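**Student:** need coordinates for the following:
(2 chains, ligands or ions: 2)
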Amino acid sequence: MKNSKIGAWLAVILGALYFLLPLIATFEFSLRLKRGEYSFEAYKIVLSDPDFQSAFTYSIVLAIVTIVIGILIVVPTAYWVQLRLPKLRPLVEFITLLPLVIPAIIIVFGYVRMYNTSSILPLTQTALGTDALLSFGYVALALPYMYRAVETGMRSIDVGTLTEAAESLGAKWPMILWKVILPNIKSAILSGAFLTFATVIGEFTFASLLNRPTFGPYLQLIGAKRAYEPAALAIIAFIITWACMGLLQVAGGAMRSANGAKK
Amino acid sequence: MSFVEIKEISKNYGANHVVRKVDLNIEKGEFISLLGPSGCGKTTVLRMIAGFETPSTGSVTIDNEDVTQLNPAQRNVGMVFQAYALFPNMTVADNVAFGLKIAGKPAAEIKARVAEMLELVKLPLVGDRYPYQLSGGQQQRIALARALAISPRILLLDEPLSALDAKIRVSLREEIRSVQRKLGITTVFVTHDQEEALSISDRVVVMNEGRIEQLGTPPEIYNQPRTRFVASFVGTLTIMSAKIVDPVARTLTIGDQPVKSRLSPKGKSGDEITVGLRPEAISLGKARANSNSLNANVTDINFLGSILRVKMRCGAHDIALDMFNQNMSKPPEVGAPVTINFDPNDLVILDA
Ligand SMILES: Nc1ncnc2c1ncn2[C@@H]1O[C@H](COP(=O)(O)OP(=O)(O)O)[C@@H](O)[C@H]1O
Ligand SMILES: [Mg+2]
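**Tutor:** Numbering: from 1, shown residues only, chains lettered A, B, ... in the order given. Ligands and ions are numbered 1, 2, ... in the order given. Predicted coordinates:
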């Protein structure tokens, strides 16, 4: 018994080291820009780089647009499937999981072929068109997370009966979706949104191949040119991702306690 | 012309005939219960009145308006569900106000109406609370208030008490009835509980396998069940086979023992028919004038608190009778021969 306990602890410590060591090493390295002393000089340089600011702002805007489009597509779909087409649920679930199975590079090559300058819908001709294409791509990429989250949220309330109750009180379905369904799956949507956010901020393949100045390609560019700054950037990206996860936990906790209180 | 006219509605799900040619007229202000075992199609009939399902054939008319093709939002009916279905994100007051806001009523009017409704269901002080802060019984009252706030033409309730404790079930059903009387609102109440249906309804519709088995007032349903199904679903009934001796003189035999009935049996001399007896209609002892008597042997005695149920064998039949559990009277002993008697009125002749 004592032995197995030691074994378990050993496994935990090894696992922690496996994740933490590179992180600590990266962090330590990022502080060594100035010879002979630790400083946040690399962070200062990165944060004051106008390219960083524009790339980061660009990615954030893109993430927000992606989240909004994602919600507009996923919520009504999940609602309709749950309410009227429960038999289609496995199919819809399969479709939403496809982006996890198909490599991003294949999707983006498909996009480039479909929407190139000589196609019927030449989205890649203009910067705005490419931005649109990029965010559509991100919507697809984040679909598994968004759909899962929203679907789980909808299952935790009795969508069918609530809809019928509202209908018998005279409400039409856009009103029901807006006033009854959405407010009750707010935290589910929020957690889907955070996952989408993290996905978009860290994405490289789409942005690089569509040649848009997002955070991913910027990180790669700096990495190729500089020594200490990429390490600082990696830490910044890491903190942002973890902040998202933290928010997600908070949202999930709020949802759970609301559900718990219902019983 | 009745207030609600349901004409030969049927509902099929593929080859599954869930409701078969149900005909029902409901008068204004009437309280009707749909009673039957689970799966007999009660909910489906109610949902066709509400507009959540469209009948495969037949029509529904409310107040001279054919609503068969209208959706629920256009029908102006109030609905109360077994699962309460209050909107969890809204306060009690907002729940009750929901239908009024949809209808675009002015704020002052909504406020007054909400207060009036909460008063009606005897929960005037919970307007600011959220549904999860209320007990099940309170939530269901709020659901009732919400359904009634829009002044619906009909109130529909689908097993509204099934999720509640036995005690609250009884008090809330009486409250529903008193609210219904106060407002005079035409009401259709679905339940699988015969006591519930008999205790609060003007008329009861007993359903089985998608059909109406019998429609009548509670005493009619209980005292004159027409079919074996109704008789056994509503209360306890001993079912026996009898032979007609003389249909005009209304004489029969059960086993070899002669009995009389109040109603003429359908058939001719020598035909086999089915009859029933309620346990509470039978008493022990020698026959009085004009009453029927049968000889039997006691096989078992069940103690049911205020009542003793005595089980007996009479020829080929098992008969049960109920007697009050009085300290003084000694119950018969198991195995003892007894004579039982019952009024010809209480012999129920069943069609099927
Ligand atoms: N949407 C549906 N699709 C297929 N069968 C259904 C559907 N709704 C109800 N049924 C079937 O119809 C029958 C009657 O259902 P219901 O009206 O809910 O009965 P009750 O309310 O009396 O218990 C049941 O056997 C049920 O399985
Ligand atoms: Mg039902």
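
**Student:** which residue packs closest to residue A:43, ignoring adjacent ones?
**Tutor:** Nearest non-adjacent residue to residue A:43, counting by Cβ to Cβ, 6 or more residues apart in numbering or on different chains: residue A:232, 4.7 Å away. C-beta coordinates here come from the backbone N, C-alpha and C atoms, glycine included.

**Student:** touching, the one you found and residue A:46? I think so.
**Tutor:** Yes: with contact defined as Cβ atoms under 8 Å, residue A:232 reaches residue A:46; the gap is 5.0 Å.

**Student:** list the buried ones in stretch A:126-136?
**Tutor:** For stretch A:126-136, the buried set under the neighbour-count rule, 16 or more other Cβ atoms under 10 Å in any protein chain shown, comprises A:130, A:131, A:132, A:133, A:134, A:135, A:136.

**Student:** low-confidence stretches in the chain?
**Tutor:** No chain in the question, so chain A it is. A:1-2, A:251-263 (pLDDT under 70).

**Student:** not quite, I wanted chain B
**Tutor:** Judged by pLDDT under 70, chain B has its weakly predicted residues at B:287, B:327-329, B:352.

**Student:** up against ligand 1, what does it have?
**Tutor:** Counting by Cβ under 6 Å from any ligand atom, chain B comes close to ligand 1 at B:13, B:16, B:18, B:36, B:38, B:39, B:40, B:41, B:42, B:43, B:44.

**Student:** between these, which has the most around it?
**Tutor:** Per-residue neighbour counts (other Cβ atoms under 10 Å in any protein chain shown) across the residues of chain B next to ligand 1 peak at residue B:36, which has 27 neighbours.

**Student:** and that one, what does it touch?
**Tutor:** By Cβ atoms under 8 Å, 6 or more residues apart in numbering or on different chains, residue B:36 lies in contact with B:42, B:192, B:206, B:207, B:208, B:213, B:233.

**Student:** which two of the residues of chain B next to ligand 1 have the greatest separation?
**Tutor:** Within these, B:13 and B:36 form the most distant pair, 17.8 Å apart (Cβ to Cβ).

**Student:** what about the residue of chain A found nearest ligand 1, how many neighbours?
**Tutor:** Of all residues in chain A, residue A:86 sits closest to ligand 1, at 10.0 Å by Cβ to the nearest ligand atom. A count of nearby residues for residue A:86, using other Cβ under 10 Å, gives 10.

**Student:** using PDB, list the CA coordinates for the biggest strand by length in chain B.
**Tutor:** The residue-count maximum for a strand in chain B (DSSP state E) belongs to strand B:292-304. C-alpha atoms of strand B:292-304 as PDB (Å, rounded to 0.1, in the frame of the first residue of the first chain):
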ATOM      1  CA  ASN B 292     -79.500 -11.000  -3.700                       C
ATOM      2  CA  SER B 293     -77.600 -13.500  -1.600                       C
ATOM      3  CA  LEU B 294     -74.900 -15.900  -2.400                       C
ATOM      4  CA  ASN B 295     -73.200 -18.700  -0.400                       C
ATOM      5  CA  ALA B 296     -69.400 -18.500  -0.200                       C
ATOM      6  CA  ASN B 297     -66.400 -19.600   1.800                       C
ATOM      7  CA  VAL B 298     -63.900 -17.200   3.300                       C
ATOM      8  CA  THR B 299     -60.400 -17.700   1.900                       C
ATOM      9  CA  ASP B 300     -58.400 -14.700   3.200                       C
ATOM     10  CA  ILE B 301     -58.800 -11.500   5.200                       C
ATOM     11  CA  ASN B 302     -56.700  -8.400   4.500                       C
ATOM     12  CA  PHE B 303     -56.300  -5.600   7.100                       C
ATOM     13  CA  LEU B 304     -56.400  -2.200   5.300                       C
END
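
**Student:** got the buried residues for that strand?
**Tutor:** Judged by neighbour count using 16+ other Cβ under 10 Å, the buried positions of strand B:292-304 are B:292, B:293, B:294, B:296, B:298.

**Student:** can you name the two of these that are farthest apart?
**Tutor:** Largest separation among the buried residues of strand B:292-304 by Cβ to Cβ: B:292 and B:298, giving 18.6 Å.

**Student:** given the helix or strand harbouring residue B:273, what are its sheet partners and their directions?
**Tutor:** In this structure, residue B:273 is located in strand B:272-277 according to DSSP states H and E. Its sheet considered, strand B:272-277 pairs with strand B:238-246 (antiparallel), strand B:348-350 (antiparallel) by DSSP bridges.

**Student:** from the centroid of the chain, which residue is nearest?
**Tutor:** Picked chain A for this. Most central in chain A under Cα atoms, centre = their mean is residue A:196, positioned 2.1 Å from the mean C-alpha point.

**Student:** sorry, should have said chain B
**Tutor:** Centroid-nearest residue in chain B, with Cα atoms, centre = their mean: residue B:197, separated by 2.9 Å.
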